[in-house]
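Asks: Sequence below, structure please.
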Amino acid sequence: MSSGHGRTATRPHGAWWRVLGLAAHLSAGAAVPACSGAGQGAAVAVEEAADSADQLMINLTSYLTNQGVRQAYLEADTAYVYEARGQTELKNIRVTFYTINGVSTSVLTAREGTYTLRTGEMEARRDVVVVRTDGARLTTSVLRYDQSRNQVSSDRPYVYDAPDRHVEGESFVSDPSFSNITTQRPRGTGGRFTLPGQ
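Replies: Numbering: from 1, shown residues only. So this is what the prediction gives:
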């Protein structure tokens, strides 16, 4: 993550201030403390997060980059930063994905998710929707974004709707533009029913 902005509070002072240059804390590949919360689940209840987070950030915005190339733009209503775990819990997420030339390809929205600093991976959960610029739409319950591979995937059932097809499957792996999809047990209707990359 880089070039992030947001309003933040850090315990124990509880003061609010503007955060500029969030890259120092959330950039991919940055050194972070060893994870000490391995036994805790990825999803953190709002009440628990508010009590135990190292930082609370409101209206977070940040570019996700890999070797200086912008891959995505992350927005979240609320972010709970856990420094020891090297994770940030996000609420009400919107991620815009880009080509290497800076052209927007798709937009992901979800009600919550987790960004792991050490690996540059993000997991989006609850009402996950990805809409391509041509209007094609994918819905699922969980979607993972691997920043180093610039790849999205899910091991949960999904539905993919485009003007010429309706596809359902049990899992998939794809690039963020969904131009090259590998899927398990697809079924669908419309057109020739051929998924890109199959």
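Asks: drop to CA atoms for contacts and neighbour counts, all remaining ones
Replies: Noted.
Asks: So what's the model's average confidence on stretch 116-126?
Replies: For stretch 116-126, mean pLDDT is 91.
Asks: As a check, name the ranges of all strands in this structure.
Replies: Counting by DSSP state E, the chain has strands at residues 2-10, 16-19, 55-66, 69-82, 87-98, 104-116, 121-132, 137-146, 151-154, 158-162, 165-169, 171-174, 181-184, 187-189.
Asks: Quick check: closest non-adjacent residue to Tyr158.
Replies: Spatial nearest neighbour of Tyr158, excluding adjacent residues (C-alpha to C-alpha, 6 or more residues apart in numbering): Thr140 at 4.6 Å.
Asks: which residues touch Pro176?
Replies: Taking C-alpha atoms under 8 Å, 6 or more residues apart in numbering, we find Pro176 in contact with 97, 105-106, 150-152.
Asks: now do 10 Å
Replies: 71-72, 96-99, 105-108, 130, 132, 145, 150-153 (C-alpha atoms under 10 Å, 6 or more residues apart in numbering).
Asks: ditto for Ser174
Replies: For Ser174, the contacting residues are 145, 150-154, 180-183, 196-197, by C-alpha under 10 Å, 6+ apart.
Asks: how far away is it from Ser153?
Replies: According to C-alpha to C-alpha, to the nearest Å, Ser174 stands 6 Å off from Ser153.
Asks: Give me the common contacts of the two.
Replies: 145, 181-183.
Asks: Turn these into a markdown table, columns for distance to Thr88 and pLDDT.
Replies: Output for these, formatted as a markdown table (distance: C-alpha to C-alpha, whole Å; pLDDT from 0 to 100):
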| residue | distance to Thr88 | pLDDT |
| --- | --- | --- |
| Tyr145 | 14 | 94 |
| Ile181 | 28 | 82 |
| Thr182 | 29 | 86 |
| Thr183 | 29 | 84 |
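Asks: now this structure, which segments are flagged as low pLDDT?
Replies: Filtered on pLDDT under 70, the chain yields the residue ranges 1-51, 189-198.
Asks: go again using 80 as the cut-off
Replies: For the chain, the stretches flagged by pLDDT under 80 are 1-51, 66-68, 179, 184-198.
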